[in-house]
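Participant: using only what follows, build the 3D model:
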Amino acid sequence: MAWIVLFVAGLMEVGWAIGLKYTEGFTRFVPSVLTLACMAGSILLLGLALKALPIGTAYAVWTGIGAVGTAILGIALFGEPATAARLACIGLIVAGIVGLKLVTGSA
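Facilitator: Reported below is the predicted structural model:
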């Protein structure tokens, strides 16, 4: 269950990172509120996951999900470059996330 909570926390990390772009410097009310809600939810869920997972693993996975999701949505939503090198680096982050999950076991 802790891994599911951590995964959702990572998705909320993506939500607030992408949301920052839509807030236009926190000048738009609805995107700003949603971004702040994702920030709070992400931290709250990370804290809950830490009850069962090691901090080093959980934090690395949380930031990894955030980085990968934000990079992919940057490509899809904002036309950021999808070069082979960039995609390979994203793949390395995913491999690291999977590796941490495998060596940590289930909690």
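Participant: so where do the helices sit in this protein?
Facilitator: 2-23, 29-49, 55-78, 84-104 (DSSP state H).
Participant: now G96: how far from L44?
Facilitator: Between G96 and L44 the distance, using C-beta to C-beta, to the nearest Å, works out to 24 Å. No exception for glycine: its C-beta is placed from N, CA and C like everyone else's.
Participant: show me where pLDDT drops low in the protein?
Facilitator: Within the chain, the stretches falling below the threshold (pLDDT under 70) are 105-107.
Participant: distance from the centroid: which residue in it tops it?
Facilitator: The outermost residue of the chain relative to its centre, with distances by C-alpha atoms, centre = their mean, is T27 at 23.7 Å.
Participant: need phi/psi at it.
Facilitator: T27 has phi and psi values of phi -100, psi -10 when expressed as degrees, to the nearest 10.
Participant: can you name the residues that contact it?
Facilitator: By C-beta atoms under 8 Å, 6 or more residues apart in numbering, the contact list for T27 is empty.
Participant: center of this protein, which residue is that?
Facilitator: G66 (1.9 Å).
Participant: E24: neighbour count?
Facilitator: Using other C-beta atoms under 10 Å as the criterion, E24 is surrounded by 10 other residues.
Participant: please name the nearest non-neighbouring residue to it.
Facilitator: With sequence-adjacent residues excluded and distances taken as C-beta to C-beta, 6 or more residues apart in numbering, E24 is closest to P31, at 7.6 Å.
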